[in-house]
Structure formats: C-alpha cells, structure tokens
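S.K.: Sequence first, predicted model second:
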Amino acid sequence: MARIRIIVSRHSAFYSPLLASISAGFLAEEGLQADYEVASAGRTAWHALKEGTADVAQSAVSASWGPLERGERHDFVHFAEINQRDGFFIAGRRPDPAFTWDKLAGREVLVDHFGQPLAMFKYAAHRQGVNYADIGAIDAGQPDAMETAFRGGRADYVHLQGPAPQQMEKEGIAHVLASIGEVIGPVAFSSLLASRRWLATDAAKAFMRAYRKARIYVNDVPADVIAKAEDRFFPGIDASVLTRTIATYQALGCWPRDVHIPRPAYETALDVFLLAGAIKVRHPYDTVVAPPPDET
C-alpha cells in the first residue's frame with residue numbers, strides 16, 4: 001500500500017472531512033496509507049511541503065497571501081475546500097442564553113492569535129458592532145495553552161475550536177455561548193494545499209477520489225457514527241462531546257458536498273484579512289486556487 005504524508009496546521013473535529021478520509025477507510029480503498037501529522041511551531045505545514053516531507057497539507061487560502069506579499073514564488077496551490085465556515089466558538093464561565101457580543105467589551109478574553117483565527121474574530125466583532133480594542137484580548141499561545149489557562153481560572157471567555165470548549169462544558173468548566181461561523185457565514189476558511197507537481201500524480205488523483213467520498217460521508221452519516229470512527233484521534237474527549245461537536249458543525253454547514261473553493265467565499269476571506277490589516281491587496285483567486293487533481 002502506498003503512503004501519503006498528510007500534515008495539518010490544526011487538529012480539531014472541525015476538520016472531520018479530512019479525518020474521515022482516514023477513519024472511514026476511504027484512503028485505504030484507494031490503496032493509500034496515511035501518515036497523519038499535526039504541525040508544530042518548529043515544523044509548520046508550509047515548511048513541510050517546501051521540504052518535500054509532506055504531500056498534502058490542511059491549510060487555508062490566507063496562508064498563501066503573506067508569502068505573495070513578501071514577493072515569494074512557490075509551487076503550492078489550494079485544490080479543495082475543507083470548511084466553508086469558521087469553526088471557532090466563544091465559551092464563558094457561566095451560562096448566558098442572552099449572550100451578545102457587546103458583553104465582551106471590558107472583559108478578558110483568551111483569543112487565538114494565530115493569523116486566520118484572529119482575523120476572523122476581529123471581523124466577527126466588527127460585524128456585531130464591537131470594537132476589538134475594547135476587548136481585553138489575551139494571547140496565551142497555542143490552543144492547548146489557552147485551554148489550560150482557562151481551566152486554571154484565567155479570563156472570562158475563551159475562543160477555541162471544538163471539541164475543546166464542548167468538553168469543558170461537559171465538565172462544568174465552561175459554557176459555549178456563540179459561534180464565529182454563524183456571525184461570518186460562508187468563507188474560505190480551511191483548504192487542502194499541495195504542490196502542482198504532486199497534484200499531477202496518480203496518488204493525488206487517488207487521494208481526491210477518497211476525499212470526495214469523505215465529504216459526502218460527513219454530510220450523510222449521523223454524527224455519532226462519524227464520532228465513533230474518529231475517536232482514536234481524540235483521546236480524552238467524551239464520545240457524547242465529540243458527537244455533539246460534529247453535529248454542530250454539520251448543522252452549521254461547514255462541509256458542503258462540493259469540494260471546490262467558491263469564489264464568493266474566497267472574496268469574503270479577502271474582506272476579513274483586509275479589515276484586520278493582515279494583507280494589503282486583493283490577491284486573485286486563480287493565483288492561489290487550482291482545480292482538484294481529478295479534474296485536470
């Protein structure tokens with residue numbers, strides 16, 4: 001069985017379409033055995049692709065804009081969508097059925113300061129009429145460190161992907177209050193990235209066949225079935241929590257069956273990053289996005 005090296009920028013139930021390509025056996029059906037790796041500060045998904053030590057990465061179209069603005073030239077393109085919504089939640093220390101974003105003003109919030117999550121948080125706050133500067137945003141580092149800080153009593157609110165806030169809710173530590181994805185709507189959030197050279201291979205076409213099946217699967221199969229197949233990826237997470245998180249992402253519309261990265265969603269992502277001051281120009285869609293390998 002041929003090996004395919006997959007590296008992901010973040011590990012979360014939010015990326016269930018990619019996880020399902022492994023956990024539901026779709027890659028194996030295509031004769032591929034996956035090496036699944038979570039990126040680190042010392043080994044990012046981008047660097048792994050550049051070094052040739054990964055074949056495909058979970059990334060985002062926004063990851064290409066910084067290098068473009070620095071004048072870098074590379075062979076990497078985004079060829080399929082993973083998520084068409086932001087997958088982060090705001091959780092607080094107490095239940096608040098009447099939560100509104102203005103309640104964040106003047107309060108301490110552990111905000112994920114990685115490029116895209118931070119830009120999306122700022123954009124969502126803007127959409128809700130809240131000045132980001134009025135929020136006591138805290139940078140506690142990586143998501144695990146943010147969760148540890150919140151569990152240790154720091155801050156009033158925390159900004160995390162599922163299933164971390166849902167697990168803390170089950171333990172009575174936090175209460176999920178809001179979804180960033182609901183505020184922003186369709187956006188090119190995360191995608192699959194690879195070199196044009198690799199996309200021309202038979203392995204890339206086989207990967208894409210498996211991934212298309214996984215996208216259908218995460219739409220059509222009950223959340224508890226998906227959770228059971230994925231549980232080995234989430235040690236320490238209660239089965240009911242993982243099920244609830246996947247069901248929430250399904251209901252949010254994160255994973256449409258169509259694997260293409262929609263142009264309107266791409267343009268919204270540009271709006272988000274321009275508002276945050278993270279980019280200076282609107283980078284053309286065709287500079288960053290390419291068709292899936294089984295269509296070329």
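M.R.: Cool, the structure landed.

S.K.: The spatially closest residue to residue 111 that is not a sequence neighbour: neighbour count?
M.R.: Once flanking residues are discounted, residue 111 sits nearest to residue 137: 4.4 Å by C-beta to C-beta, 6 or more residues apart in numbering. C-beta coordinates here come from the backbone N, C-alpha and C atoms, glycine included. A total of 22 residues lie near residue 137 under the criterion other C-beta atoms under 10 Å.

S.K.: what secondary structure does residue 137 sit in?
M.R.: The assignment at residue 137 comes out as strand when based on DSSP: H, G, I helix; E, B strand; the rest coil.

S.K.: how far away is residue 242 from residue 53?
M.R.: Counting by C-beta to C-beta, to the nearest Å, the separation of residue 242 from residue 53 is 30 Å.

S.K.: neighbour-wise, which of those two wins?
M.R.: Here residue 242 and residue 53 are set side by side on neighbour count (other C-beta under 10 Å), and the busier one is residue 242, at 25 against 13.

S.K.: helices or strands next to the helix or strand where the more buried one lies in the packing?
M.R.: Assigned by DSSP states H and E, residue 242 falls within helix 239-252. Judged by 3 or more C-beta pairs under 8 Å, 6 or more residues apart in numbering; DSSP states H and E, the packing partners of helix 239-252 are helix 164-170, helix 202-220, helix 223-230.

S.K.: can you do 6 Å?
M.R.: Helices and strands in packing contact with helix 239-252 are listed as helix 164-170, helix 223-230; criterion 3 or more C-beta pairs under 6 Å, 6 or more residues apart in numbering; DSSP states H and E.

S.K.: So for that helix, mean pLDDT?
M.R.: Here the mean pLDDT over helix 239-252 is 96, rounded to a whole number.

S.K.: In the helix or strand following that helix, which residues are buried?
M.R.: Going down the chain from helix 239-252, the next helix or strand is helix 263-275, by DSSP H and E. The neighbour-count check on helix 263-275 (16 or more other C-beta atoms under 10 Å) flags 265, 266, 268, 269, 270, 272, 273 as buried.

S.K.: likewise stretch 286-296?
M.R.: The neighbour-count criterion (16+ other C-beta under 10 Å) identifies 288, 289, 290, 292, 293, 294 as the buried residues of stretch 286-296.

S.K.: Serialize these to a markdown table and add fields for distance to residue 49, secondary structure and pLDDT.
M.R.: What follows is these, written out as a markdown table (distance: C-beta to C-beta, whole Å; DSSP: H, G, I helix; E, B strand; the rest coil; pLDDT from 0 to 100):
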| residue | distance to residue 49 | secondary structure | pLDDT |
| --- | --- | --- | --- |
| 288 | 14 | helix | 95 |
| 289 | 16 | strand | 97 |
| 290 | 14 | coil | 95 |
| 292 | 17 | coil | 95 |
| 293 | 15 | helix | 93 |
| 294 | 20 | helix | 82 |
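
S.K.: before we move on, back to that, go through the buried residues of helix 263-275 and name the one nearest residue 253.
M.R.: Ranking these by separation from residue 253, with C-beta to C-beta as the measure, puts residue 265 on top at 11.4 Å.

S.K.: what sits against the residue nearest to that closest one when sequence neighbours are not counted?
M.R.: Counting by C-beta to C-beta, 6+ apart, residue 265 lies nearest to residue 188, which is 4.4 Å off, once chain neighbours are set aside. By C-beta atoms under 6 Å, 6 or more residues apart in numbering, residue 188 lies in contact with 61, 261, 265, 266, 269.

S.K.: What values do phi and psi take at the residue most central in space within the chain?
M.R.: Residue closest to the average C-alpha location in the chain (C-alpha atoms, centre = their mean): residue 190, at 5.0 Å. Backbone torsions for residue 190, taken as degrees, to the nearest 10, come to phi -130, psi 150.
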